[in-house]
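In: please work out how this folds:
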Amino acid sequence: MVNAVTHSQSYFLLVPNSDCRGSKSSSNSFFPKPFAKFPSLTTQICRASFYPLPSFADTVSDSKHATLLVENYHLHDILRTLLQKLEKEDSDPLHILSEDGDWSKDHFWAVVRFLKNASRFTDILQVFDMWTKIEKSRISEFNYNKVIGLLCEEGMMEDALSALQEMKIRGLRPSLDTYNPIVHGLSREGKFSDALCFFDEIKESGLEPDSETYDGLIRAYGKFKMYDEMGQCVKKMELEGCSPDHITYNILIQEYARGGLLQRMEKLNQRMISKRMNLQSSTLVVMLEAYTTFGMVEKMEKFYRKVLYSKTCLEDDLIRKIAEVYIKNYMFSRLEDLGLDLCSAFGQSHLVWCLRVLSYACLLSKKGMDIVVREMRDAKVDWNVTVANSIMLAYVKMKDFRHLRILLSQLPIYRVQPDIVTIGILFDANRIGFDGNGALETWRRMGYLYRVVEMKTDSLVLSAFGKGHFLKSCEEVYSSLHPEDRKRETWTYYDLIALLSKHTGSLDCIKPR
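Out: Predicted coordinates for the structure are as follows:
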């Protein structure tokens, strides 16, 4: 029987489906045939092609790969042991380095990252000094620049300046990569005179400040609201032959936007358009926030669309600010649009459902609220107190006491616990003819009234409906208390209701027994 077949330059092993005595196919068969006991030679050759014999080159490659894996495992094991030593209390990296004898470049920078995260910046310089003494070639501009940049980033300017001085003593020539972090770090701390001294030192060293040098200064001027200095810095930049690039313009626009200087912001934006420069997504967000702060609806919506188009995520606080602009302008239907846009772009969230429910609650549309509630049920989204309170506030405003009573009775089913806004809704409804004794008694039996007072309702709900009589009364009575009484650690709902009843007498008709 043929045991091997040579084809071109490859060698294959034959794997027959039966032995010479004609037994049934073994379990190793790839394509077993019920009635074929003896496959043909051609069939055997085809099946054998699944098992190529490894070539010498493949064997060597596998051997190298295995060796590499072992070496990597060994290096990772050493690094893990090193970091475990550093994690111990009162660990001394200098002592550890002395015991280990030396660290590789990767291990050294891993130690530096660890010390940085642990805010042990003094140790970084000491370890760096010892590590460079072990091997003189490590005394390099590159290594010093990394250490100085890290220290400047964390605001350790004294240590960074010490490292710069040591660098000079060792005969190394600082570059822009050395000076830029120092100029930026000093500027961020408001030490502009010191920063400008190093700015001049850059020129004295025969170097030319680049756009990055100026950008750090401009950003720092903006941080301290020194807008005239920002403009002067740009002029100086242009006079020195360093043209502002798109990063410079983006920084300028961001700082003007944060300062509320919308005309300057818009003027620079037009200049960028004429130069065919693009706004960064972060700049779009800052401009959107500026227009939102000033309640400029049209421009706010224009930049909101640009932000959505750029797929930039918006912080919840900014979304709430946008929603508050719509609420102040009685544009309640836009809340639904805002929620749907955000859902389409970034997916569902509690804030999205809050916007949608609140939209119909402000419009006093029971049909609209029911639609959103059905969608929440279909999406298997749990209710929260924000959704419940939004709907109940709409019922109170419509004086729809039947649906208000039904929803109050269903709160335990939805696993919604009342907060101070819920309590306020009940008492405010009682002032206009609702009988809330049943709900209050249920909350008392369930222990809700003996919980610590808290507000879990989204602030947008209060922006839309106001605080109501109960919450305003709570604030007035609390502010009238003696300072020692206000320092009380915990207030329960029961305490609060009793306090209001004592001071105003307006809650006598509805209070827990």
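
In: so Phe303 sits against Val286, correct?
Out: No - the pair Phe303 / Val286 is not scored as a contact, 9.6 Å apart, by Cβ atoms under 8 Å. For glycine as for every other residue, the C-beta is placed from the backbone atoms N, C-alpha and C.

In: center of this protein - which residue?
Out: Glu315 (8.7 Å; Cα atoms, centre = their mean).

In: how much space between it and Ile253?
Out: 19 Å (Cβ to Cβ, to the nearest Å).

In: check Gly241 too.
Out: Separation of Gly241 from Ile253 (Cβ to Cβ): 23 Å.

In: the two: who's more crowded?
Out: Taking neighbours as other Cβ atoms under 10 Å, Gly241 and Ile253 compare with Ile253 leading, 26 against 7.

In: got the phi/psi numbers for the more buried one?
Out: Note on Ile253: backbone dihedrals following degrees, to the nearest 10 are phi -60, psi -40.

In: and it, what's its pLDDT?
Out: Ile253 carries a pLDDT value of 98.

In: measure it to Glu266 for me?
Out: From Ile253 to Glu266 the distance is 9 Å (Cβ to Cβ).

In: same check on Ile124?
Out: Taking Cβ to Cβ, one finds Ile124 at 45 Å from Glu266.

In: equivalent analysis for Thr442, please.
Out: For Thr442, the distance to Glu266 - Cβ to Cβ - is 57 Å.

In: the nearest residue to Leu83 once chain neighbours are set aside: which element?
Out: Excluding its sequence neighbours, the residue lying closest to Leu83 (Cβ to Cβ, 6 or more residues apart in numbering) is Phe114, at 6.1 Å. Per DSSP states H and E, Phe114 falls inside helix 105-117.

In: can you show me the CA trace of that helix as PDB?
Out: Backbone C-alpha positions of helix 105-117 (Å, rounded to 0.1, in the frame of the first residue of the first chain) are rendered in PDB as follows:
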ATOM      1  CA  LYS A 105      13.900  51.200  29.900                       C
ATOM      2  CA  ASP A 106      10.400  49.800  29.800                       C
ATOM      3  CA  HIS A 107      10.500  48.800  33.500                       C
ATOM      4  CA  PHE A 108      11.800  52.200  34.500                       C
ATOM      5  CA  TRP A 109       9.100  54.100  32.700                       C
ATOM      6  CA  ALA A 110       6.500  51.700  34.200                       C
ATOM      7  CA  VAL A 111       7.800  52.600  37.600                       C
ATOM      8  CA  VAL A 112       7.600  56.300  36.700                       C
ATOM      9  CA  ARG A 113       3.900  55.900  35.700                       C
ATOM     10  CA  PHE A 114       3.200  54.100  38.900                       C
ATOM     11  CA  LEU A 115       4.800  56.900  41.000                       C
ATOM     12  CA  LYS A 116       3.000  59.500  39.000                       C
ATOM     13  CA  ASN A 117      -0.400  57.800  39.600                       C
END
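
In: which helix or strand lies directly C-terminal to that helix?
Out: Taking DSSP H and E, what comes next after helix 105-117 is helix 121-134.

In: what's that next one packed up against?
Out: Where contact means 3 or more Cβ pairs under 8 Å, 6 or more residues apart in numbering; DSSP states H and E, helix 121-134 is packed against helix 93-100, helix 105-117, helix 141-153, helix 157-169.

In: try it again at 6 Å.
Out: Contacts defined by 3 or more Cβ pairs under 6 Å, 6 or more residues apart in numbering; DSSP states H and E place helix 121-134 against helix 93-100, helix 105-117.

In: contacts for the first one next, please.
Out: If I follow you right, that is helix 93-100. Contact with helix 93-100 is made by Lys85, Asp123, Gln126, Val127, Met130, as judged by Cβ atoms under 6 Å, 6 or more residues apart in numbering.

In: ditto for stretch 349-363
Out: With contacts defined as Cβ under 6 Å, 6+ apart, stretch 349-363 is touched by 316, 332, 335-336, 338-339, 342-343, 368-369, 372, 386-387, 390, 394, 458, 464.

In: the helix holding Phe114 to helix 141-153, inter-axis angle?
Out: 10 degrees (axes from the mean of the first three to the mean of the last three Cα atoms, to 10 degrees).

In: and helix 105-117, how far out from the chain middle?
Out: The chain centre lies 25 Å from the centre of helix 105-117; the measure is Cα atoms, centre = their mean, to the nearest Å.

In: wouldn't Thr386 be in contact with Lys456 here?
Out: No - if you go by Cβ atoms under 6 Å, Thr386 and Lys456 don't touch, sitting 7.3 Å apart.

In: measure the nearest residue to Tyr395 once chain neighbours are set aside to Lys367 for me?
Out: The shortest distance from Tyr395 to any non-neighbouring residue, by Cβ to Cβ, 6+ apart, is to Leu404 (4.1 Å). Going from Leu404 to Lys367 by Cβ to Cβ gives 17 Å.

In: among the two, which residue is more densely surrounded?
Out: Between Leu404 and Lys367, counted using other Cβ under 10 Å, Leu404 has the larger neighbour count: 23 against 8.

In: got the phi and psi for the more buried one?
Out: Dihedral angles (degrees, to the nearest 10) for Leu404: phi -60, psi -40.
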